[in-house]
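**Q** next one to model:
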Amino acid sequence: MRQANALMIGISRDVLILVRIIASCVTAGLLIFFISALSGEDLLKNHGSIKELEKLLGEISSELNGGIERRVRQLGEIPQRNPYRKFYAAELAKEIHETAYLTEKQKILFDTFNVRDFEAKSKRLVAYSETADIDGLMNELDIVKRELKNSSNLLDKRKEKLERQRSAYLFLFFILWVAIYFYYGRGFIRGR
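**A** Below you'll find the predicted structure:
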C-alpha cells in the first residue's frame, strides 16, 4: 500500500511538472505575441516575409550567378541580316524584361514600385527591339545586372533585420518561459 501511495505521489508530481511546463510555455507565448502586438510587429507575418525574401533572393542570386549569361547564350549568335536581327533583338528584349521583373518584385515587396518607371523601361526595351539596336539592349542588360545586385543587397539587409528581430523574440520567449515556470512552481500552482 505504501508503494502504491509513493507511486501515486511520484506520478502526481510528474504530472504537476508537466502542467507547469505547458502552462508556462503557453503563457510565455501569449506574452510574446502581446508584446509584439504592442510594438506593432506581427511575428507570423515577419516569419512569412523571411521565407518570401529568401525565395526572391535565391531567384536573383541564380540570375546573377550565370542565369543571365545562360539566357543570352541560348539566343545564339547575333544575326547580321535585318529580319533575323529584329527577331533576335525582340527575344533579347524579352529575356531582359523577364530578368528585370525580379527587381520589380523586390520593389513591390518594399512598397517602392513605380509604375511609370517600369513603363518607361518597357518602352525603351520595345524601342530597342523595333530598331534592332543590340548595343542599346546590352546596355539595358548591364543596367538590369546592377539593379539585381542592388536588389540582392536590399533583400539581404531586410532579411537579416527580420532574422535578428525573430531571434530577439525567441530569446525573450525562453527567458519568459523560464521565469514563468519558476513563478508557477512557487506561485499559484504549487505541488504538495
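
**Q** list the buried residues for the helix or strand containing Thr103?
**A** Using DSSP states H and E, the element containing Thr103 is helix 82-109. Neighbour-count burial for helix 82-109, with 16 or more other Cβ atoms under 10 Å as criterion, is recorded at 88-93, 95-97, 99-100, 102-107, 109. Any C-beta I mention is one placed from the backbone N, CA and C, and that applies to glycine too.

**Q** could you list every helix and strand in contact with the helix or strand just after it?
**A** Downstream of helix 82-109, the next assigned helix or strand under DSSP H and E is helix 115-130. Judged by 3 or more Cβ pairs under 8 Å, 6 or more residues apart in numbering; DSSP states H and E, helix 115-130 is in contact with helix 82-109, helix 134-186.

**Q** what's the average pLDDT for the shortest one?
**A** For helix 82-109, the mean pLDDT works out to 88.

**Q** what's the answer for stretch 143-162, then?
**A** Regarding stretch 143-162, the rounded mean pLDDT is 93.

**Q** check which residues of it are buried.
**A** 144-145, 147-148, 151-152, 154-155, 158-159, 162.

**Q** now do stretch 28-47
**A** Neighbour-count burial for stretch 28-47, with 16+ other Cβ under 10 Å as criterion, is recorded at 28, 31-33, 36, 43, 46.

**Q** grab the most central residue of this protein for me.
**A** Among the residues of the chain, the one closest to the centroid is Leu53, at 2.0 Å (Cα atoms, centre = their mean).

**Q** before we move on, back to that, so which of the buried residues of stretch 28-47 sit within helices?
**A** By the criterion of DSSP state H, membership of the buried residues of stretch 28-47 in helices covers 28, 31-33, 36, 43, 46.

**Q** for Leu155, see how far away Lys149 is.
**A** Taking Cβ to Cβ, to the nearest Å as the measure, Lys149 falls 11 Å from Leu155.

**Q** repeat for Val19
**A** In this view, Val19 and Leu155 are 44 Å apart by Cβ to Cβ.

**Q** same check, this time on Thr131
**A** Distance of Thr131 to Leu155, computed by Cβ to Cβ: 34 Å.

**Q** now do Ile108
**A** To Leu155, Ile108 is 12 Å away according to Cβ to Cβ.

**Q** relative to Phe173, how far out is Ala179?
**A** 11 Å.

**Q** which of those two has more neighbours?
**A** Counted by other Cβ atoms under 10 Å, Ala179 and Phe173 do not tie: Phe173 has more neighbours, with 18 against 13.

**Q** so what's that one up against?
**A** 28-29, 32 (Cβ atoms under 8 Å, 6 or more residues apart in numbering).

**Q** what about 10 Å?
**A** Contacts for Phe173 were tallied using Cβ atoms under 10 Å, 6 or more residues apart in numbering; they are 25, 28-29, 31-33, 35, 43.

**Q** host element of Arg70?
**A** If you go by DSSP H and E, Arg70 is part of helix 68-75.
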